[in-house]
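**Student:** Next one to model:
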Amino acid sequence: MGAIETELVETWDKRDGRGRKLREVERRANFVRSYQSSGLTMAAFARREGLKYPTFAGWVLRSKARGSGRIMPVRFAEVRLPGPAASGPAPGLEVRLVDGTVARGNNAMELAALVRALKS
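**Tutor:** Numbers count the residues shown, from 1 in each chain. From the prediction side, this is the model:
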């Protein structure tokens, strides 16, 4: 029986302290651009290219955040609400938005206008 020879090929990929490959910024950007024109899902693209999905998904999300680079204008809507009544009844309507915002009032139309303004 002969000895099995193995040959180690060094790819010169940079690695971090945990042994993970480090990809240069331009190389990451090339992967993201290729993904965007591929028509594949992120998972399918990462699998095809031999990338770990969570790592690749992070690249895509960070590129979207950098790519927008524009400040969204703040939109305001004036909504007039009656002042608190000294001894009147407590508000009968309450709306809780996903972000935790709570809007209360007696007039459904005014409350709906307020919620629309808050959501836009």
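
**Student:** Ramachandran coordinates for G39?
**Tutor:** phi 80, psi 0 (degrees, to the nearest 10).

**Student:** Point to the helix or strand of the chain where mean pLDDT is at its lowest.
**Tutor:** Sorted by mean pLDDT, DSSP states H and E, the helices and strands of the chain end with strand 21-22, the least confident at a mean of 68.

**Student:** Quick check: next helix or strand after that one?
**Tutor:** For strand 21-22, the following helix or strand on the C-terminal side (DSSP states H and E) is helix 25-38.

**Student:** Please name every helix or strand in contact with that following helix.
**Tutor:** helix 42-49, helix 53-68 (3 or more CB pairs under 8 Å, 6 or more residues apart in numbering; DSSP states H and E). Using the backbone N, CA and C atoms, a C-beta is placed for each residue, glycine as well.

**Student:** of those, which approaches A103 most closely?
**Tutor:** helix 53-68 (28.8 Å; CB to CB).

**Student:** how's the chain carved up into domains?
**Tutor:** 14-68, 75-120 (automatic domain parsing).

**Student:** Can I get those in TSV including mean neighbour count?
**Tutor:** Shown next, in TSV, are these (neighbours: other CB atoms under 10 Å):
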stretch	mean neighbour count
domain 14-68	13
domain 75-120	11
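
**Student:** any idea which of the ones you listed scores lowest on pLDDT?
**Tutor:** Mean pLDDT values for those show the minimum at domain 75-120, a mean of 74.
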